[in-house]
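**Q** next comes the sequence, and after it the predicted model I'd like to discuss.
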There are 2 protein chains.
Amino acid sequence: MEITFLGTSSGVPTRARNVSSVALRLPQKAEVWLFDCGEGTQHQLLRSEIKSSQIRRIFVTHMHGDHIFGLMGAIASSGLAGNAQKIDVYGPAGLAEYLQACAKYSYMRLGSRLRVHTVQPGLVYEEAEFSVHCQLLKHRVPAYGYRVIEKDRPGRFDIEKAQALNIPPGPIYGKLKQGATVTLENGRIINGKELCGEPEIGRKVVYCTDTVFCDAAVDLAHDADVLIHEATFAHQDAEMAFERLHSTSTMAAQVALLAGVKQLIMTHFSPRYAPGNNLQLSDLKQEARAIFPNTKLAYDFFAYQVPRRR
Amino acid sequence: MEITFLGTSSGVPTRARNVSSVALRLPQKAEVWLFDCGEGTQHQLLRSEIKSSQIRRIFVTHMHGDHIFGLMGAIASSGLAGNAQKIDVYGPAGLAEYLQACAKYSYMRLGSRLRVHTVQPGLVYEEAEFSVHCQLLKHRVPAYGYRVIEKDRPGRFDIEKAQALNIPPGPIYGKLKQGATVTLENGRIINGKELCGEPEIGRKVVYCTDTVFCDAAVDLAHDADVLIHEATFAHQDAEMAFERLHSTSTMAAQVALLAGVKQLIMTHFSPRYAPGNNLQLSDLKQEARAIFPNTKLAYDFFAYQVPRRR
Ligand SMILES: [Zn+2]
Ligand SMILES: [Zn+2]
């Protein structure tokens, strides 16, 4: 699982940071999921290792322009490069109508390549190896945080040990590999777990933006391996954060602390903290680390490999 | 009058070229007019000498995504930087509805800052020093070419010569400055032209995209100082040009030749001619120059000062 930040500025792009988008590359898949897709996301992909044709799913947090104005371009380009795969887009009410209106007025046929799903708090998507859940955060418009769960995998099955126990071949092996307990025809009871190595614990990546501090973010981020949380403002600008329903660095750190996450990565920084200004992003980092030491600042094209738990 | 190319690729951005937008800076004004506004135009402005807050008018040729998907972002950013001036946007039917839909679903209030004008062939806009006309070109969807006319200015008025002629002060000077002939109270006839220097001939800039070769482009470009014309394809790919209603390099050159323009600048190049490919943009330039020698290739951030006629 590799996270690549494609845009880490809030509201408007700067010369160094584009508006919001995060790419998640899934293990053993040539598939990429995007979280938000601000204007210029396809341009950022051109400058990264990720091809727009690899985009398979896009999760949209909310309908502010800096999170959605790159959707049409990215969808169009993903269909031009290589053999066009389907794209599923998930997001709040209004997303489907927005995409339909853009397609209509720009004479673009989205056709059957694109499916748009309006999300509700709870399960958003599930497949054999992953599931995605969302929660409503606290912003000026409905905004959802997303939690991607990599499912646990049973440990390696010790086939030689099973054969040594004279377990007859057949579907029984499938059950034992899942760690189930089975009774052989001769009455012997075998615990599959004893034939399996340590199970591989799945990883959890949580993406919370845009939001002021809220309990829903803490819930969503519980025990996550990585929490990506917005930190639009520095602590001393908390008044603006409460007014505009964005987070300060210290709010992001408090969510990380209360949720017991392994790693916090802050993003969605106001351009007011660009180099040369009075307060800078290094200040936001210090403020957060005073509360939650395991904090990183995202920057455009920063790639983070989510480590496996052992 | 300075033209700055902000995007010179067709359809999709490449690492070197963004999708369509051209900025026109007007003399003696801090005002910039844009022609088309593909995704990432506001990002290109960040890398240019032009501030998005200077945008006063945007002329849209047609509703394909590579010409309009940057409108919302550019409009939003132009209103954030500095004191927000009004923006007038001109373009085909559907443009107003597109902008309204984008604003609605992204919770953006366009308010009274933005006025959208649906154009018809003919006069689009007029003020004291400039006028803008458009013509319907030949593309898959309604596409307009634009002609910007700088009005001629009367030559410098020789006030000392007028005083030497004992012309009494008063409104009569205003008429003479315009080159009119007036009769004084004492019956003397004075030709204002004899008191004025050479008039300053206004410049004409014409923008034709997207289109296959058409007579309307030749009409629109008549006697222009600069013709910016699309050249999506090389001459040997003319079949694709006719199919998709785009131009080849040779079509652009023929328009320039028939219209008797001073300078042709080609833009909107297919990414298929990027460096390393079989045919390259230097081939398109040669093809065009064989027909119209005064041809340049646009590139991103190319700035061209339109010379004054003497
Ligand atoms: Zn935002
Ligand atoms: Zn085009």
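**A** Happy to help now that I have it. None of these values were measured; they are calculated from a predicted model. Ligands and ions are numbered 1, 2, ... in the order given.

**Q** Provide a list of residues in contact with the closest residue to ligand 1 within the stretch 101-250 of chain A.
**A** Closest residue of the stretch 101-250 of chain A to ligand 1, CB to the ion: A:D210 (4.4 Å). Glycine gets a C-beta too; all of them are placed from N, C-alpha and C. Shown in contact with A:D210 (CB atoms under 8 Å, 6 or more residues apart in numbering or on different chains): A:10, A:61-62, A:64, A:67, A:137, A:139, A:143, A:230, A:232, A:245-246, A:268.

**Q** in TSV: those residues, plus distance to A:A93, pLDDT and secondary structure.
**A** Shown next, in TSV, are the contacts of A:D210 (distance: CB to CB, whole Å; pLDDT from 0 to 100; DSSP: H, G, I helix; E, B strand; the rest coil):
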residue	distance to A:A93	pLDDT	secondary structure
A:S10	23	97	coil
A:T61	13	98	coil
A:H62	11	98	coil
A:H64	14	98	coil
A:H67	15	98	helix
A:L137	15	98	coil
A:H139	14	97	coil
A:A143	12	98	coil
A:E230	21	98	strand
A:T232	24	98	coil
A:L245	18	98	coil
A:H246	22	98	coil
A:H268	22	98	coil
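
**Q** nearest to chain B: which residue in the stretch 201-310 of chain A?
**A** Closest contact between the stretch 201-310 of chain A and chain B, by CB to the nearest CB, is at A:P271 (9.7 Å).

**Q** that residue: what's it in contact with?
**A** With contacts defined as CB under 8 Å, 6+ apart, the neighbours of A:P271 are A:9-12, A:14, A:17.

**Q** quick one, phi psi at the residue of the stretch 101-250 of chain A closest to ligand 1?
**A** Per-residue torsions, A:D210: phi -90, psi 140 (degrees, to the nearest 10).

**Q** measure it to A:P121 for me?
**A** Between A:D210 and A:P121 the computed distance is 17 Å (CB to CB, to the nearest Å).

**Q** from the contacts of A:D210, which are also near chain B?
**A** Checking those against chain B by CB under 8 Å from any CB of the partner chain, the ones in range are A:H64.

**Q** next, the distance between the ends of stretch A:151-170.
**A** 26 Å (CA to CA, to the nearest Å).

**Q** now swap in stretch A:218-235 and tell me
**A** From its first residue to its last, stretch A:218-235 covers 19 Å (CA to CA).

**Q** let me know whether that stretch sits next to ligand 1.
**A** No: for stretch A:218-235, no contact with ligand 1 is found by CB under 5 Å from the ion; the gap never falls below 7.2 Å.

**Q** in that stretch, what's buried?
**A** Buried residues in stretch A:218-235, counting neighbours by 16 or more other CB atoms under 10 Å in any protein chain shown, are found at A:218, A:220-221, A:224-235.

**Q** so which of these are in helices?
**A** Residues from the buried residues of stretch A:218-235 lying in helices, with DSSP state H as the criterion: A:218, A:220.

**Q** show me what from chain A comes close to ligand 1.
**A** Chain A comes close to ligand 1 at residues A:66, A:210, as judged by CB under 5 Å from the ion.

**Q** domains in chain A, by residue range?
**A** Annotated domains of chain A cover A:2-153+A:200-305, A:159-195 [automatic domain parsing].

**Q** shouldn't A:E194 be within a helix?
**A** Yes: when DSSP: H, G, I helix; E, B strand; the rest coil is applied, A:E194 is found to be in a helix.

**Q** that one - how many residues pack around it?
**A** 13 (other CB atoms under 10 Å in any protein chain shown).

**Q** separation between it and A:D283?
**A** Distance of A:E194 to A:D283, computed by CB to CB: 54 Å.

**Q** same question for A:E97.
**A** 41 Å.

**Q** assign the residue of chain A most remote from its centre to helix, strand or coil.
**A** Distance from the centre of chain A peaks at A:N186, with 49.0 Å (CA atoms, centre = their mean). Here A:N186 is recorded as coil under three-state DSSP.

**Q** any idea of the pLDDT on it?
**A** We have a pLDDT of 84 for A:N186.

**Q** show me the contacts for it.
**A** Counting by CB under 8 Å, 6+ apart, A:N186 has no contacts.

**Q** please, where are all the helices along the stretch 151-300 of chain A?
**A** Using DSSP state H, counting those that start in this stretch, the helices of the stretch 151-300 of chain A run over A:159-164, A:172-177, A:215-220, A:238-244, A:249-259, A:281-291.
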